[in-house]
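A.B. asks: This is a predicted model, with the sequence first.
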Amino acid sequence: MKPSRIVAILFAGIIAIFATACGSSSGFTTYTDYTYGFSISIPASWETETDEGVVFFRAPSPCAGLYPFGDVVAASAEGYTSAQAYYSETFEPFIESLDAYHLISTENLTIDGVPAIRVTYTYNDVGYNFQEMASILIDQQVLWVIVGSCEITCWNQNVGSFNTMAGSFQQLY
């Protein structure tokens, strides 16, 4: 094989690895939940489980002893006029109470055409240091919280998947 062909093959392989590590849409599948009325792109190898208004997505293998996971929570938005109101009145006080809590960032964004707020933070639980991203939106009296979480040392290899999951969220009804 010619050296230029070998270099081209190696370069293509590096690009493929980089795209996968950054959470590109390859390797994802669409999870549709008609009970809770949403669809979301998740890594194709991840497992799903539902439990009373929460859909859990879990990586197939642990990282730093824990399984990276995501979840989508659907609840009544009664009493809240916006994602910002829910964040300020309920979510923010909760995460601030977590052990070793540290806020990394908050941002306003739009998910599925709906104003949302995304907060990224770290905390400690049962001896592990977690990093978590929660995207909050309220539409048609439904509160949605889309979460991606893993042990902090595994964040860089999972943040692309978490961003894809949150950014792909769509309401069905």
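C.D. replies: In hand now; what should we look at? Numbering: from 1, shown residues only.
A.B. asks: And stretch 166-173, end to end?
C.D. replies: For stretch 166-173, the first-to-last residue distance is 18 Å (C-alpha to C-alpha, to the nearest Å).
A.B. asks: Can you list the neighbours in contact with it?
C.D. replies: Around stretch 166-173, the neighbours that count as contacts under C-beta atoms under 8 Å, 6 or more residues apart in numbering are 28, 30, 32, 34, 37-41, 72, 111-112, 114, 118, 133, 135, 139-140, 142, 144, 146, 148. C-betas here are computed from N, CA, C, even on glycine.
A.B. asks: Of those, select the buried ones using a PyMOL command.
C.D. replies: Buried members of these, defined by 16 or more other C-beta atoms under 10 Å, are picked up in PyMOL with:
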select buried, resi 28+38+39+40+41+72+111+114+118+133+135+139+142+144+146+148
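A.B. asks: Let me see the contact set for N124.
C.D. replies: With the criterion set at C-beta under 8 Å, 6+ apart, N124 makes contact with 98-100, 130.
A.B. asks: Name only those of the residues you listed that count as buried.
C.D. replies: Buried among these by 16+ other C-beta under 10 Å: F130.
A.B. asks: Enumerate every residue touching C150.
C.D. replies: 59, 63-64, 66, 68-69, 130-131, 158.
A.B. asks: Which parts of this protein are helices?
C.D. replies: Taking DSSP state H, the helices of the chain run over residues 3-21, 83-86, 92-96, 155-168.
A.B. asks: From I95, how far off is R58?
C.D. replies: 21 Å (C-beta to C-beta, to the nearest Å).
A.B. asks: Then I40?
C.D. replies: Applying C-beta to C-beta, the value for I40 to I95 is 22 Å.
A.B. asks: cool, and N158?
C.D. replies: Per C-beta to C-beta, N158 is found 19 Å from I95.
A.B. asks: For the two, indicate the residue with more neighbours.
C.D. replies: The residue with more neighbours, out of N158 and I95, is N158; 23 against 17, by other C-beta atoms under 10 Å.
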